[in-house]
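Undergrad: here are the coordinates; sequence isn't available:
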């Protein structure tokens, strides 16, 4: 952000830091523990916060291109992006609220952290970022807030690729779904099938990556090692999740592999498959309810066609991400293909990212419909996508950098978690252009009058008579 936007990037970084501090502060005041699903929600919060700042800066750039002064450009930009930022975040807040309401365990934890993060993101984008930009422009007299402009606005005909892109992506989705069905018994991790969870004390900490490598080398089967801090005690313990009745064999093997670590059993508990099944069922119903809530909100704020497009794109992204994850796991490349509770949080993260990306495109389509009353629907959609294309690329690149760093430097379940997010970022950006927009176009049979007739408040233009002669 700093390299691309210069001063604006520094503003975005400060705003993001405030965002994280607010979220962690609220979680601390609630006495909550930050688990990996919570980290997933925090990463999504950062992604949405960065996206809001990119929206603001790209809109400022657009206003400057139209010949406005920097002061008028910043005021106009914030006025125009406010509804977009609020709509994108409220749809994700609906998802978070339903996850809190219907979810259990990691699903509920993800929802709570995400809800706090969304409120913090809206505050930071519309208050913190605006205060900093206004202070620079109006108080300090800074005339150049933005830096590079590597993605100039180009009017591209995205719709000429819509059919092959649509068909190709859904064929990949079908291949992924078939893979999930065929390998269903092998892809469910301990969190969903049940197993042992052993608490182990240690004298010397061993990196989880080294533990995973030892487990693979010794062919111990599925083992999930993780460290946890004990509440009220200044020490950590090692948690080993294994298949039923295999925890002591795994511990004995690890004691032999790392004799200097001083690994000692503290206790073993078993994770029941029925509890895991309940988490799985609640997660599925939570996502279905969230999609229904999104459809209703978008239909009310925009129009039914927008809601259908948003839901179809989100379902597409979830199925494609899951399918690619399982396919890669079967071939043993990039990911394990095993579904655990943190993976569930990563998939929920994709729902939030996909909706956020789609709403930004739809909000611009709605705006262009009002500004260009003489253009047909296809031209309007192409124009809207062209004008938000640079924002979509910048947001994707920025969040990809974070996800790639997690993938490169992480280990074990972090690799799977970040891999799912990488795939989700790519599919989310793709679907907002080649899935959501074409579905919206086909729903209205390519006719803009059909859109306006189905809006809650039909548009009337100056030349239209307000009374019958």
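TA: Yep, it's here. What you see is a predicted model; the values in this text were computed from it and never measured.

Undergrad: hey, where'd the helices end up in the stretch 51-200 of the chain?
TA: Counting by DSSP state H, counting those that start in this stretch, the stretch 51-200 of the chain has helices at residues 70-102, 106-123, 129-134, 162-182, 184-187, 190-193.

Undergrad: tell me which of those helices lies nearest to residue 46.
TA: helix 106-123 (8.1 Å; Cβ to Cβ). For the C-beta atoms, the positions are set from N, CA and C on the backbone; glycine is no exception.

Undergrad: tilt between that closest one and helix 70-102?
TA: 160 degrees (axes from the mean of the first three to the mean of the last three Cα atoms, to 10 degrees).

Undergrad: and helix 106-123, which residues are buried?
TA: 106-122 (16 or more other Cβ atoms under 10 Å).

Undergrad: how many neighbouring residues does the nearest residue to residue 417 once chain neighbours are set aside have?
TA: Spatial nearest neighbour of residue 417, chain neighbours left out: residue 346 (4.8 Å); criterion: Cβ to Cβ, 6 or more residues apart in numbering. Using other Cβ atoms under 10 Å, the number of residues around residue 346 comes to 27.

Undergrad: tell me the SS of residue 346?
TA: Recorded secondary structure, residue 346: helix (DSSP: H, G, I helix; E, B strand; the rest coil).

Undergrad: tell me the spacing between it and residue 181.
TA: Residue 346 sits 21 Å away from residue 181, going by Cβ to Cβ, to the nearest Å.

Undergrad: got it, and residue 93?
TA: The gap separating residue 93 from residue 181 is 33 Å, by Cβ to Cβ.

Undergrad: between the two, who's got more neighbours?
TA: Taking residue 93 and residue 181 together and counting by other Cβ under 10 Å, residue 93 has the greater number of neighbours (22 against 9).

Undergrad: and the pLDDT for the residue nearest to that one when sequence neighbours are not counted?
TA: Distances taken as Cβ to Cβ, 6+ apart place residue 118 nearest to residue 93, at 4.7 Å, with adjacent residues excluded. As predicted, residue 118 sits at a pLDDT of 91.

Undergrad: how about residue 118, what does it touch?
TA: The neighbourhood of residue 118, defined by Cβ atoms under 8 Å, 6 or more residues apart in numbering, consists of 45, 48, 89, 92-93, 96.

Undergrad: helix, strand, or coil at residue 225?
TA: Classification of residue 225 by three-state DSSP places it in strand.

Undergrad: next one: it from residue 246, what distance?
TA: Counting by Cβ to Cβ, the gap between residue 225 and residue 246 amounts to 13 Å.

Undergrad: of the two, who's got more company?
TA: More crowded of residue 225 and residue 246, by other Cβ under 10 Å: residue 225, with 25 against 17.

Undergrad: what sits against the more buried one?
TA: 208, 211-212, 215, 238-241, 412.

Undergrad: that one pairs with what?
TA: residue 240 (DSSP bridges).

Undergrad: can you list the weak-confidence ranges in the protein?
TA: Across the chain, the ranges flagged by pLDDT under 70 are 105, 150-155, 185, 190-191, 229-234, 271-277, 279, 341-342, 410-413, 454-469.

Undergrad: how's it carved up into domains?
TA: Here the domain parsing of the chain from automatic domain parsing is 2-139, 160-185+276-453, 195-271.

Undergrad: and the helices in the stretch 251-400 of the chain, which stretches?
TA: Using DSSP H, counting those that start in this stretch, the helices of the stretch 251-400 of the chain run over 273-301, 304-331, 341-371, 377-409.

Undergrad: which among those is found nearest to residue 189?
TA: Across the helices of the stretch 251-400 of the chain, closest to residue 189 is helix 341-371 (Cβ to Cβ), at 7.4 Å.

Undergrad: what's the angle from the closest one to helix 273-301?
TA: Using the same axes, to 10 degrees: helix 341-371 against helix 273-301 is 10 degrees.

Undergrad: buried sites along helix 341-371?
TA: Residues of helix 341-371 classed as buried under the neighbour-count rule (16+ other Cβ under 10 Å) are 341-369.

Undergrad: next one: stretch 214-222
TA: The neighbour-count check on stretch 214-222 (16+ other Cβ under 10 Å) flags 214-215, 220, 222 as buried.

Undergrad: let's have these in CSV, adding secondary structure and distance to residue 168.
TA: Compiled in CSV, the buried residues of stretch 214-222 are given as follows (DSSP: H, G, I helix; E, B strand; the rest coil; distance: Cβ to Cβ, whole Å):
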residue, secondary structure, distance to residue 168
214, helix, 41
215, helix, 38
220, coil, 40
222, coil, 34
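
Undergrad: could the helices of the stretch 51-200 of the chain go into CSV alongside distance to residue 397?
TA: As requested, those are exported to CSV (distance: least, Cβ to Cβ, whole Å):
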stretch, distance to residue 397
helix 70-102, 18
helix 106-123, 19
helix 129-134, 20
helix 162-182, 20
helix 184-187, 31
helix 190-193, 32
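
Undergrad: out of these, nearest to residue 447?
TA: Across those, residue 447 has its closest neighbour in helix 162-182 (16.6 Å, Cβ to Cβ).

Undergrad: test my guess that residue 196 contacts residue 265.
TA: No: applying Cβ atoms under 8 Å as the test, residue 196 and residue 265 come out as separate, 11.1 Å apart.

Undergrad: more crowded one of these two?
TA: The neighbour comparison of residue 196 against residue 265 (other Cβ under 10 Å) goes to residue 196, with 20 against 15.

Undergrad: tell me the angle the helix or strand harbouring residue 24 makes with helix 106-123.
TA: In the assignment (DSSP states H and E), residue 24 maps to helix 7-29. Angle, helix 7-29 to helix 106-123, by the same axes, to 10 degrees: 140 degrees.

Undergrad: now do residue 125 against residue 13, distance only.
TA: Counting by Cβ to Cβ - residue 125 and residue 13 are separated by 13 Å.

Undergrad: can you put the contacts of residue 118 in CSV and add distance to residue 302?
TA: As requested, those are exported to CSV (distance: Cβ to Cβ, whole Å):
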residue, distance to residue 302
45, 24
48, 19
89, 15
92, 16
93, 16
96, 20
